[in-house]
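Enquirer: Take this sequence and fold it.
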Amino acid sequence: MPGQVFHKTVPVRFEDCDPAGIGFYPRMLMMVNRLIEDFFAEALDCPWHRLHGRENRAVPTVRLEVDFKGPLYQGDALDLELRVLKVGNSAFTVAVAGSVGGAAKFAVTQVLAYTTAGPGISASPMPDALKAALREFSAG
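Expert: This next block holds a predicted model:
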């Protein structure tokens with residue numbers, strides 16, 4: 001059914017923020033990257049070890065926008081939700097929302113391209129099966 005949401009809850013650790021609740025932004029982006037990797041493995045049946053290895057493909061980020069909306073504290077249970085906003089021929093856009101107890105903490109919009117891996121990286125058309133699987137998580 002279109003419009004599905006991929007969801008994970010992760011703990012906020014000591015290394016993720018300071019006592020004032022200021023999230024260490026590289027760690028927030030690492031959490032988003034892990035979510036996307038899990039999304040590929042669990043929702044799209046396309047684990048990155050297969051994608052990057054045997055298939056010699058990659059999905060590098062080509063655009064990233066982040067809005068920080070509230071503090072994060074050690075011990076918080078951070079709810080992460082991924083939605084697909086757009087699926088193109090060789091790129092797709094996702095939105096990731098991070099919240100704690102329903103309160104928004106950050107929002108990410110990210111464009112990823114489907115490419116060859118290694119030297120001579122170039123955009124490639126996504127396989128139809130991958131596009132169809134991504135569309136299951138798209139509202140449009």
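Enquirer: Please make it C-alpha for all contacts and neighbour counts, starting now.
Expert: Fine.
Enquirer: Let me see the ranges of the strands in the chain.
Expert: Assignment of strands within the chain using DSSP state E yields the ranges 6-11, 57-58, 61-68, 77-87, 91-100, 103-113, 115-116.
Enquirer: Same question for the third one: list its buried residues.
Expert: Neighbour-count burial for strand 61-68, counted by 16 or more other C-alpha atoms under 10 Å, picks out Val66.
Enquirer: ok, back up a step: okay if I get the strands of the chain as TSV plus distance to Ala133?
Expert: Formatted as TSV, the strands of the chain follow (distance: least, C-alpha to C-alpha, whole Å):
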stretch	distance to Ala133
strand 6-11	12
strand 57-58	17
strand 61-68	19
strand 77-87	10
strand 91-100	12
strand 103-113	15
strand 115-116	17
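Enquirer: what's the closest of those strands to Gly21?
Expert: With C-alpha to C-alpha, the closest approach to Gly21 among those belongs to strand 103-113: 10.4 Å.
Enquirer: for the record, mean pLDDT for that closest one?
Expert: Strand 103-113 comes out with an average pLDDT of 97.
Enquirer: any idea how far it is from the chain center?
Expert: Between the centre of strand 103-113 and the centre of its host chain there is 8 Å, according to C-alpha atoms, centre = their mean, to the nearest Å.
Enquirer: Now do the buried residues in it.
Expert: For strand 103-113, the buried set under the neighbour-count rule, 16+ other C-alpha under 10 Å, comprises 104-113.
Enquirer: Near Ala129, how many residues? Count them for me, please.
Expert: Using other C-alpha atoms under 10 Å, Ala129 has 10 neighbouring residues.
Enquirer: check contacts around Val59.
Expert: For Val59, the contacting residues are 112-115, taking C-alpha atoms under 8 Å, 6 or more residues apart in numbering as the criterion.
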